[in-house]
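*Asks:* Would you be able to build a 3D model of this:
(one chain, ligands or ions: 1)
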Amino acid sequence: MKKVSFLGLGVMGYPMAGHLASQGYEVTVYNRTTDKARQWCQTYTGTLAETPQEAVQQADLVMMCVGNDDDVRQVGYSALSAMQSGAVLIDHTTASAQVARELYQACLDKQVGFLDAPVSGGQAGAENGQLTIMVGGDEAVFSQAEAALNVYARHAQLLGESGSGQLAKMMNQICIAGIVQGLAEALHFGQQAGLDCAQVVEVISKGAAQSWQMENRATTMLAGEYDFGFAVDWMRKDLAIALDEARRNGSTLALTALVDQYYADVQKAGGRRWDTSSLLTRLT
Ligand code: NAP
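*Replies:* Reported below is the predicted structural model:
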């Protein structure tokens, strides 16, 4: 069984590392706030490391799931400085394609494999081991990591060269932004029209208007519940990455840019940690 290290035990990383330990992998964990790593080691079988370097020395596979590009650089380069040649570094953070390509090259120079592998499925997907993983990198490197990724994924797929995983995740977030705003407007409209929105949703979710957001968020939106799920602050980070990439590749993301500004309104109203479905609060 491969030796793995997991760097970053946040909402996502904590349960992902837990699945690896539960499946018999020899896991070493590092978290900046060491208490969280200590707590993890009390729940699962694994070894605690105080620094990324200490965590990765013996590892065949190193996973990290941190915050943004700056964090990826900080943790990634620190890990790489101590990794053995032939090992693989897998980044599950949602970050830019640029930082992925940069780390890919730095890893290549040290005979270490690198995969950008952002995830979709949220906290529930991480806890249930049902994530979707969008991967960029080399096929041979993906083969080395695939079995371990499938421990916490429903579907993990290589989508192209380095950076492709992050670009795919941008497509994912572009879709979500537009769909959530559409759903929020429909619910707002229904309320203004005096309809029983819950009943209408039950009907239209069986037709062409159906979406994951409608199935999983319409009821909680109608109840004004937003203290769960994927936070607005994270979404704005992701949309900024997508809009930045769009400026580079010449695509036009008019709706995404608009919804990004709507999320800025939600942040100003105190909703930085609210779920992304809180777009409805601007309308009611
Ligand atoms: P989180 O709960 O805030 O956890 C972030 C983790 O990264 C923590 O362990 C934090 O350590 C660590 N970290 C951040 N910056 C660091 C640095 N500079 N050096 C060392 N450690 C650092 O975030 P999350 O919800 O797990 O999300 C992680 C990533 O996955 C983000 O890119 C996010 O966009 C993406 N994602 C999240 C979801 C979701 O539903 N939450 C879904 C899909 C993708 P501390 O404990 O010390 O703060």
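
*Asks:* Only C-alpha atoms from now on, for both contacts and neighbour counts.
*Replies:* Fine.

*Asks:* interface residues of this protein facing the ligand?
*Replies:* 8-13, 31-33, 65-68, 71, 74-75, 93-94, 119-120, 122-123, 229-230, 234 (CA under 6 Å from any ligand atom).

*Asks:* Now the buried members of those.
*Replies:* 8-10, 12-13, 31, 65-68, 75, 93-94, 119-120, 123, 229-230, 234 (16 or more other CA atoms under 10 Å).

*Asks:* Now do Gln144 against the ligand, distance only.
*Replies:* 22 Å (CA to the nearest ligand atom, to the nearest Å).

*Asks:* I'd like the numbering to begin with 370 instead of 1 from here.
*Replies:* OK, 370 is where the count begins now, so the last one is Gln513.

*Asks:* sec struct for Thr397, please.
*Replies:* strand (DSSP: H, G, I helix; E, B strand; the rest coil).

*Asks:* That one and Leu591: what is the separation?
*Replies:* Separation of Thr397 from Leu591 (CA to CA, to the nearest Å) stands at 43 Å.

*Asks:* More neighbours: the two, which one.
*Replies:* Thr397 (26 against 15; other CA atoms under 10 Å).

*Asks:* what's the pLDDT at Gly593?
*Replies:* Looking at Gly593, its pLDDT reads 97.

*Asks:* Look up how far the ligand lies from it.
*Replies:* Gly593 sits 19 Å away from the ligand, going by CA to the nearest ligand atom.

*Asks:* Show me the buried ones among the residues of the chain next to the ligand that map onto helices.
*Replies:* 382, 444, 492, 603 (DSSP state H).

*Asks:* Any chance of TSV for those, columns pLDDT?
*Replies:* Below are those laid out as TSV (pLDDT from 0 to 100):
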residue	pLDDT
Gly382	98
Val444	98
Gln492	90
Trp603	96
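
*Asks:* Show me the two of those residues that sit farthest apart.
*Replies:* Greatest spacing in these, by CA to CA: Val444 and Gln492 (21.8 Å).

*Asks:* So which helix or strand of this structure has the lowest pLDDT on average?
*Replies:* Within the chain, confidence by mean pLDDT, DSSP states H and E is lowest for helix 491-497 among all helices and strands, at a mean of 94.

*Asks:* Give me the packing partners of it, helices and strands only.
*Replies:* helix 382-391 (3 or more CA pairs under 8 Å, 6 or more residues apart in numbering; DSSP states H and E).

*Asks:* Quick check: closest non-adjacent residue to Lys479.
*Replies:* Of all residues beyond its chain neighbours, the one nearest Lys479 is Ser454 (6.4 Å), with distances taken as CA to CA, 6 or more residues apart in numbering.

*Asks:* what does Gly640 give?
*Replies:* Per CA to CA, 6+ apart, closest to Gly640 is Val601, 7.0 Å.

*Asks:* give me the number of residues near that neighbour?
*Replies:* As a burial measure, Val601 scores 23 neighbours (other CA under 10 Å).

*Asks:* was I right about it contacting Trp643?
*Replies:* Yes - using CA atoms under 8 Å, Val601 is in contact with Trp643, at 5.9 Å.

*Asks:* Surely Glu594 is in a helix?
*Replies:* No - secondary structure of Glu594 (three-state DSSP): coil, not part of a helix.

*Asks:* what's the lengthiest helix in the chain packed up against?
*Replies:* Counting residues, the longest helix found in the chain (DSSP H) is helix 533-561. For helix 533-561, the packing partners by 3+ CA pairs under 8 Å, 6+ apart come out as helix 466-478, strand 482-485, strand 500-504, helix 566-573, helix 581-591, helix 601-618, helix 623-637.

*Asks:* Fine, thanks again, bye for now.
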